[in-house]
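Q: just coords:
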């Protein structure tokens, strides 16, 4: 009686395919460097202690600040919105009010989510967003 050919792939073929896919996946993560940093904004970090002492002295300058959205304080269709940002620092948490102008209204700001802002300090020590990135 003649023998029939085996039906199905051999175990060594399956193991070789899985090993090749794993090598491609981990090799790609190594080459690309893991998580993308394109969402990060570069700039001088805001010193929250200096800001709380005399925010008006920082006017005209731009800084970066990271934190969690604490709440949306005000919103108007023609002037934008104002949010409260909770900034964690070694001296304890600080709360920073940031005005988001109408030209950045397309960004969907969600409470309890981490964001990074590039802010400009205008007269009176008011922080105005120039760029927004969700972290």
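A: Received the coordinates, thanks. Just so it is clear, the model here is predicted, and its values are computed rather than measured.
Q: Looking at strand pairing, list the partners for residue 128.
A: With DSSP bridges as the criterion, residue 128 is bridged to residue 99, residue 120.
Q: list the contacts for it?
A: 98, 99, 101, 119, 120, 121, 122 (CB atoms under 8 Å, 6 or more residues apart in numbering). No exception for glycine: its C-beta is placed from N, CA and C like everyone else's.
Q: Now for the residue nearest the centre of the chain: which residues touch it?
A: Centroid-nearest residue in the chain: residue 135, 1.7 Å away (criterion: CA atoms, centre = their mean). Residues near residue 135 by CB under 8 Å, 6+ apart: 39, 40, 66, 114, 115, 116.
Q: Please pick the buried ones from the residues you listed.
A: The neighbour-count criterion (16 or more other CB atoms under 10 Å) marks 66, 115, 116 among these as buried.
Q: Out of those, flag the one nearest to residue 85.
A: The closest of those to residue 85 turns out to be residue 115 (CB to CB; 7.3 Å).
Q: Contacts only, for that closest one.
A: 66, 67, 68, 69, 85, 109, 132, 133, 134, 135.
Q: Dump these into CSV; add distance to residue 49, pLDDT and secondary structure as well.
A: Listed next are the contacts of residue 115 as CSV, based on distance: CB to CB, whole Å; pLDDT from 0 to 100; DSSP: H, G, I helix; E, B strand; the rest coil:
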residue, distance to residue 49, pLDDT, secondary structure
66, 16, 94, strand
67, 15, 94, strand
68, 19, 96, strand
69, 22, 94, strand
85, 16, 95, strand
109, 26, 87, coil
132, 24, 93, strand
133, 24, 91, strand
134, 26, 89, strand
135, 22, 86, coil
